[in-house]
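Colleague: dropping the sequence and predicted coords here.
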Amino acid sequence: MSLLHTLEDTIISRKSADPETSWTAKLLSKGPEKCAEKFGEEAIEAIIEAVKDDKTKLASEGADVLYHFLVMLAARNVALDDVLAVLAERQGLSGLVEKAARPAR
């Protein structure tokens, strides 16, 4: 089991935890929209550190991004394996070819 899968299991187990004693439970209790908002905030913080070229802070913010991404997925009942399956389907494809094959929005 990968570290991300272990983290996903922990996050899912916190869905039923007391929001007064668990940050994850507190975040999940605020709903999927708040979880998405928090993910966005963390992504922006990671972008800032990437622009600054601060590798240590970028690694820390990257960890926050991964955690909050998994929380956002859990809030919408999307499994990490669903995301990994999409990546596996795309593996070996040119990014340009894969993007061109997507349905128009």
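Modeller: Structure's in. What do you need?
Colleague: need the contact partners of stretch 35-51.
Modeller: 27-28, 57-58, 60-62, 64-65, 67-69, 71-72, 74-75 (Cβ atoms under 8 Å, 6 or more residues apart in numbering). For glycine as for every other residue, the C-beta is placed from the backbone atoms N, C-alpha and C.
Colleague: what does stretch 3-20 give?
Modeller: Residues contacting stretch 3-20 (Cβ under 8 Å, 6+ apart): 22, 24-26, 28-29, 66-67, 70-71, 73-74, 79-80.
Colleague: next, the buried residues of it.
Modeller: For stretch 3-20, a neighbour-count test (16 or more other Cβ atoms under 10 Å) marks 7-8, 11-12, 14 as buried.
Colleague: give me the low-pLDDT residue ranges for the chain?
Modeller: By pLDDT under 70, the weakly predicted segments of the chain are 94-100, 102.
Colleague: closest to the centroid, which residue in it?
Modeller: F69 (1.4 Å; Cα atoms, centre = their mean).
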